[in-house]
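In: task: produce atomic coordinates for the following.
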Amino acid sequence: MHMKIIVNNKETEVSATTIPELVTELGMPEKGIAVALSRQMVPREKWNSTRLEEGADIIIVKAVCGG
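Out: Just a heads-up that it's a prediction; the model follows:
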C-alpha cells in the first residue's frame, strides 16, 4: 500500500508506515539524523511506535560536521 506524504517539503509516495521504515525506504542512515513530524521532533525511542499516515509532513535533518 502506497501513500503520499511530504518529506522535506517534497511530495513523496512511500509504502513505509513507521519512521524507521521511511528512513530505510529513502536510503538514509539511521544514525546522524533527526526527524520531525508535523513540526514536532520525534525522539528516537518513539520512532518505532510513531505511525505515518497519508499527508504526513516530515522533516529529516542530517547532522553535518565541519566548521
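In: from now on I want contacts and neighbour counts done on CA atoms only, so please keep to that.
Out: OK.
In: and Leu22, backbone torsions?
Out: phi -60, psi -50 (degrees, to the nearest 10).
In: now do the contacts for it.
Out: Applying C-alpha atoms under 8 Å, 6 or more residues apart in numbering, we find Leu22 in contact with 14-16.
In: how does it look with 10 Å?
Out: 7, 14-16, 28, 52 (C-alpha atoms under 10 Å, 6 or more residues apart in numbering).
In: in stretch 41-54, what's buried?
Out: Within stretch 41-54, the residues that count as buried by 16 or more other C-alpha atoms under 10 Å are 44, 50, 52.
In: if you could redo that for stretch 28-45, that was the one I meant.
Out: 35-37, 44.
In: from the structure, what's the count of residues near the nearest residue to Asn8 once chain neighbours are set aside?
Out: Nearest residue to Asn8 in three dimensions, chain neighbours excluded: Ile59, at 4.8 Å (C-alpha to C-alpha, 6 or more residues apart in numbering). Applying other C-alpha atoms under 10 Å, we find 18 residues neighbouring Ile59.
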